[in-house]
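Asker: A structural model of the following input is requested.
(one chain, ligands or ions: 1)
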Amino acid sequence: MKNPNGNSDKIARQYMDRLVVEQRVLGAVTPDARVTFLGKSFSTPLMGAALSHLKEGMAGYAEGMRLANAACCIGMGDNETLGSCLATGASVIKIIKPYADREEIFSRIRFAEEHGALGVGMDSGHAIKSEAADFDTIVGCPMKLPTMEEIKEYIASTRLPFFLKDILSVQDAVIAKEIGAAGVIISHHHDLMHWACPPVYLLKEIRKAVGDDFLVIADGGIEDGFDAFKALAMGADMVCVGRALMPPYSSDGPEGIARTLNTMTDELKSMMYRTCAETVKDIDPSVIHEAWWL
Ligand SMILES: Cc1cc2nc3c(=O)[nH]c(=O)nc-3n(C[C@H](O)[C@H](O)[C@H](O)COP(=O)(O)O)c2cc1C
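Answerer: Numbering: from 1, shown residues only. Take a look at the predicted model:
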């Protein structure tokens, strides 16, 4: 039986709950959570995680993001599915699987570019099985870990900003910047890698290593606006929310997603107010402390 302590979601939750926030209200002004991301204005730094295969449909997921004026990643799926998401008017970053068949990758990059996606990316880590040194097969599609040369080729093949997802180290984040990615999505892909470092734990070092001119997005266990505040304070530019949006999507459709994102943004803003951050960029990392006694 799998050791329950090896569950990366649980490890990340434990770390998140150790992060406590000091209050700085004197002189605080009403905060504004709007951000500019990839040249577009959004109401919130919260965005949809790269989900896939949702039984309620992917287009409704994208529509929820549009209603909240939030950016959105879309995960595995064919071009038709991506087309239905883009048709909602949502701002979508398409995360492409590391297919063994490289034409599958190029065709998705081309489609995303031709149909107005905001960006593209790849979750390279999903090429490797969680429990064996072998390549995975996902929904019948064989995967392969792309070589460095192949990744560079994918990045160079498009004028869209390219994101490397499932980055979980300073080393990989620095390489991603060096080879021309627009940014990284720091993620353990919902326990795909067991015993993974919590994404939020790595953010400060990653930010220090890549500097301010490189986009860093974080995901993994963001359950409310308070979690999002901590991730932003630790160095993320944007924060993805995945599983926390699934129950409201199931019960209330796209409106459920938009309502949940709006509530989370209100929570984030309350934390910004209490820490004297007028804008998301003003969130000061020094308000966060790690509670050694917990
Ligand atoms: C139903 C489901 C489908 C997912 N599909 C993909 C996918 O196709 N591509 C991908 O990069 N990540 C995928 N993920 C991982 C998410 O993008 C995200 O990294 C992970 O769920 C952690 O965020 P969360 O804790 O907010 O859910 C999926 C996650 C879930 C729950």
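
Asker: contacting residues for residue 95?
Answerer: By C-beta atoms under 8 Å, 6 or more residues apart in numbering, the residues touching residue 95 are 50, 73-76, 120-123, 163, 165, 185. Using the backbone N, CA and C atoms, a C-beta is placed for each residue, glycine as well.

Asker: how many other residues sit next to the closest residue to it other than its chain neighbours?
Answerer: Using C-beta to C-beta, 6 or more residues apart in numbering and skipping residues adjacent in sequence, the residue nearest residue 95 is residue 50, 3.9 Å away. Residue 50 is flanked by 26 other residues according to other C-beta atoms under 10 Å.

Asker: who's in contact with the helix or strand where residue 50 lies?
Answerer: For residue 50, the element it lies in under DSSP states H and E is strand 46-51. With contacts defined as C-beta under 8 Å, 6+ apart, strand 46-51 is touched by 37, 58, 61-62, 64-65, 70-75, 93, 95, 121, 123, 165, 185, 217, 219, 222, 225, 228, 238-243, 245-246, 257, 261, 264-265, 268.

Asker: Where does the spatially most central residue of the chain fall, secondary structure wise?
Answerer: In the chain, the C-alpha nearest the mean C-alpha coordinate belongs to residue 240, at 3.7 Å (C-alpha atoms, centre = their mean). Taking DSSP H and E as the criterion, residue 240 maps to strand 238-241.

Asker: Pull up the pairing partners for that strand, direction included.
Answerer: strand 46-51 (parallel), strand 215-218 (parallel) (DSSP bridges).

Asker: Check whether it comes near the ligand.
Answerer: Yes: Strand 238-241 reaches the ligand (C-beta under 6 Å from any ligand atom) through residue 241.

Asker: The helix or strand following that strand packs against which elements?
Answerer: Following strand 238-241 in sequence order, the next helix or strand is helix 246-274 (DSSP H and E). In terms of contacts (3 or more C-beta pairs under 8 Å, 6 or more residues apart in numbering; DSSP states H and E), helix 246-274 is packed against strand 46-51, helix 58-67, helix 225-233.

Asker: Now do the same contact list for the closest residue to residue 99 other than its chain neighbours.
Answerer: Distance criterion C-beta to C-beta, 6+ apart; nearest residue to residue 99, sequence neighbours excluded, is residue 105 at 5.4 Å. By C-beta under 8 Å, 6+ apart, residue 105 lies in contact with 96, 98-99, 122, 154.

Asker: part of a strand, is residue 105?
Answerer: No: Residue 105 is assigned helix when assessed by DSSP: H, G, I helix; E, B strand; the rest coil, not a strand.

Asker: distance of it from the ligand?
Answerer: Using C-beta to the nearest ligand atom, to the nearest Å, we find residue 105 at a distance of 13 Å from the ligand.

Asker: Make 52 the first number, not 1, from now on.
Answerer: Understood, numbering begins at 52; the last thing we discussed is residue 156.

Asker: how close does that residue get to residue 113?
Answerer: Taking C-beta to C-beta, to the nearest Å as the measure, residue 156 falls 21 Å from residue 113.

Asker: re the thing from before, quick one: closest of the helices and strands packed on helix 297-325 to the ligand.
Answerer: The ligand lies closest to strand 97-102 among those, at 3.7 Å (C-beta to the nearest ligand atom).

Asker: Is there a neighbour count for the residue lying closest to residue 140 once chain neighbours are set aside? I'd like the number.
Answerer: The shortest distance from residue 140 to any non-neighbouring residue, by C-beta to C-beta, 6+ apart, is to residue 117 (5.2 Å). Applying other C-beta under 10 Å, we find 19 residues neighbouring residue 117.
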